[in-house]
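Engineer: Using only what follows, build the 3D model:
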Amino acid sequence: MELTKTLDVPRQFVFEKIVDSGLYDIQQNTGKRPKISSLKGFEYKKKFGSKQNQAGKIRIDDVIEPSVYAFTTTTVRNTFTTRWELHKIDDKTTDVVISETIESKGFFQNLNDSMMQIGLGWIKKRQMRAILDGILKAYNGQ
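Structural biologist: Prediction:
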């Protein structure tokens, strides 16, 4: 899945919002709040699902201020690799490119995930657009 959207928001602001969200998640799951400079390679465990009965490991793959934030989420069934790239258009405009790949473990899981991506891929994109709209609203003070 890939989503590209242009925001009338400076690149640094978008980057800070994305990283703040990651740091908040780390703090909620570990009690620690690492510095941005030490995020690359940082790993932590997280519980997922409405009943928190699923768990996984998140590893921060890349942090390049103010243009890249990438992480990998690994569960018993899948590995999700997510990458945010922020491309400066001018001082007030940023192209945001969000890409996510899924690697499934096992033939049947792969088949199931392929079918689910066809049916639910638009939901994931809608969630990503909502995050970007939230960043835009935060920048505009709404």
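
Engineer: which stretches of the chain have low pLDDT?
Structural biologist: Residue ranges of the chain with pLDDT under 70: 51, 106-121.

Engineer: Residue 42 is in contact with residue 22, correct?
Structural biologist: No. The criterion here is C-beta atoms under 8 Å, and residue 22 misses it with residue 42 at 9.2 Å. C-beta: built from backbone N, CA, C; applies to glycine.

Engineer: Please identify every residue contacting each of the two.
Structural biologist: Overlap of the contact sets of residue 22 and residue 42 (by C-beta atoms under 8 Å, 6 or more residues apart in numbering) consists of residue 60.

Engineer: Which of the three states applies to the closest residue to residue 4 other than its chain neighbours?
Structural biologist: Once flanking residues are discounted, residue 4 sits nearest to residue 97: 4.9 Å by C-beta to C-beta, 6 or more residues apart in numbering. Counting by DSSP: H, G, I helix; E, B strand; the rest coil, the backbone at residue 97 sits in strand.

Engineer: Can you report how many residues lie near residue 97?
Structural biologist: Counted by other C-beta atoms under 10 Å, the residues lying close to residue 97 total 13.

Engineer: Next one: it from residue 75, what distance?
Structural biologist: 25 Å (C-beta to C-beta, to the nearest Å).

Engineer: One more: residue 48?
Structural biologist: For residue 48, the distance to residue 75 - C-beta to C-beta - is 7 Å.
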